[in-house]
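Asker: Sequence first, predicted model second:
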Amino acid sequence: MKLSTTDLADIAGQPLGEVTSIDLRDRGITQVDGLSECVKLRKLDLSSNKIETRDALDGLHGAGSLVHVNLANNQLRIMSIVEDMSQINVLNLSNNQLSAISPSVAKCKELKALILGQNKISKIEYLDGLLNLNTLVVSQNEISKIPEMPLLKELTKISAAHNKISDIPDLTQYPKLKEIRLNDNRIAAVPESIRGCTGLKVVDLGNNKIDSWSSVAPLTSIPYLHNLNLKGNPVCEQANYREKVIEMIPSLRVLDGERFDQWFLDHKEKRQQRKAAVVAGKEHGQKGHDDMAAHGKPAKESRKRPMDSEQGQTKRSRTFDNSSRGGNSTRSHANRGSNRGRGIDRNNGERSAIREERAVGTATNSDRGGRGRGGGRGRGRGKSNDRSRGRGRSTGNGRE
């Protein structure tokens, strides 16, 4: 599939001039156009496609800001593609059809990691000028020798497993080297020169031809070696092999892929104990549940039990009463005056009736001869009661 400039813009989801990273892996791509417009592009992933030549990446020379390119799992046959990557830091060309390292790689002065595994390369060359290179991966090729590259002072990792190498080179020329992987080769002995590689921490020599203790003796001088793999060598068949290697190299924490240092073992035991405790707790809880079920006892109810219909009805009634009291508080306040008014009317009405009777009685008495004082008092009370009745009715009607 040919990826046009428009397709590239659609995948990027923004103007190509603003793109800094594009993921185009596993799309069946055979050619990509428009890369020259990606002037800010720093990371490009084109792994697992069907790219065969440099021409398939037209415009790559315009992407001068590229620092990370992944072209693994394609069908490239030559490395001329790197001519347009002068600022590249990481270049992955593993699992292609490369038969040689191109001289153009020497132009990649900023290269820090070169990954060329799973190709058909037979010789390591043109790397002397890569002064910033710290990682070199050439595993699963057809290499028979690792050359001396004394200028590569930044190298920290060399992986050349699954090749045809029979001798370990002088590794002291790489003062920062921490990891060397040469498993699945044809190596029969470890050279004395390796004693000078005091910074080495990981050495993988599995599946080679090392058959004696003297062949591994130089490794005992490496002070910080903590991971050693000799699995698959004839020496592993020696009596008490594991115990002897651990005794010879006291700094080891991992031998043949198995970690054994005391700190790790202690923590491993604690993890296992915690795990066993959790499993036991679950089993105990399940056993208790089963026992209760076997004796006809109900299982322990959860904290939030569902309410039966009667409880639910009671709760709803209470809720309704509360809401009636609370929700109708405004109406209650509004009617309080009205009720109070009605109460006054009733009370005043009764009092008025009594007073009227008294007034009538007084008036009768006054007619009989005591009119002055009693009549005045009777008439005054009567008027007062009339006013009270008026206020009561007025107040109640007004508030209702």
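Answerer: Ah, there it is. Numbers count the residues shown, from 1 in each chain.
Asker: Low-confidence ranges, the stretch 251-400 of the chain, go.
Answerer: Confidence mapping of the stretch 251-400 of the chain against pLDDT under 70 gives the ranges 287-400.
Asker: shouldn't Cys108 be in contact with Ser86?
Answerer: Yes. The pair formed by Cys108 and Ser86 meets the contact definition of Cβ atoms under 8 Å, at 6.5 Å. C-beta: built from backbone N, CA, C; applies to glycine.
Asker: So between these two, which is more surrounded?
Answerer: For Cys108 versus Ser86, neighbours defined as other Cβ atoms under 10 Å are more numerous around Cys108 (22 against 14).
Asker: distance of the more buried one from Ile81?
Answerer: 11 Å (Cβ to Cβ, to the nearest Å).
Asker: try Pro234
Answerer: Taking Cβ to Cβ, one finds Pro234 at 43 Å from Ile81.
Asker: Compare the two and say which is more crowded by neighbours.
Answerer: Per other Cβ under 10 Å, whichever of Pro234 and Ile81 has more neighbours is Ile81, with 22 against 14.
Asker: Run a quick neighbour tally on the nearest residue to that one once chain neighbours are set aside.
Answerer: The shortest distance from Ile81 to any non-neighbouring residue, by Cβ to Cβ, 6 or more residues apart in numbering, is to Arg54 (4.5 Å). When counting by other Cβ under 10 Å, one arrives at 18 neighbours for Arg54.
Asker: Enumerate every residue touching Arg54.
Answerer: The neighbourhood of Arg54, defined by Cβ atoms under 8 Å, 6 or more residues apart in numbering, consists of 60, 78, 80-81, 83-84.
Asker: Go ahead and build a PyMOL selection from the buried members of those.
Answerer: A single PyMOL command suffices to select whichever of the contacts of Arg54 are buried according to 16 or more other Cβ atoms under 10 Å:
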select buried, resi 60+78+81+83+84
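Asker: Can you lay out the contacts of Arg54 as CSV showing distance to Ile29, secondary structure and pLDDT?
Answerer: Supplementary listing: the contacts of Arg54 in CSV, determined by distance: Cβ to Cβ, whole Å; DSSP: H, G, I helix; E, B strand; the rest coil; pLDDT from 0 to 100:
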residue, distance to Ile29, secondary structure, pLDDT
Leu60, 13, helix, 76
Ile78, 19, coil, 91
Ser80, 19, helix, 83
Ile81, 14, helix, 82
Glu83, 20, helix, 81
Asp84, 18, helix, 75
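Asker: Determine which two of the contacts of Arg54 are furthest apart.
Answerer: Comparing every pair within these by Cβ to Cβ identifies Leu60 and Ile78 as the most remote, at 14.6 Å.
Asker: Unless I misread the structure, Val203 falls within a strand.
Answerer: Yes. Counting by DSSP: H, G, I helix; E, B strand; the rest coil, Val203 is located in a strand.
Asker: residues in contact with it?
Answerer: 179-180, 219, 222, 225, 227-229.
Asker: Closest one to Leu255 out of those residues, please.
Answerer: Within these, the smallest distance to Leu255 is 5.8 Å, found for Leu228 (Cβ to Cβ).
Asker: Understood, closing this out.
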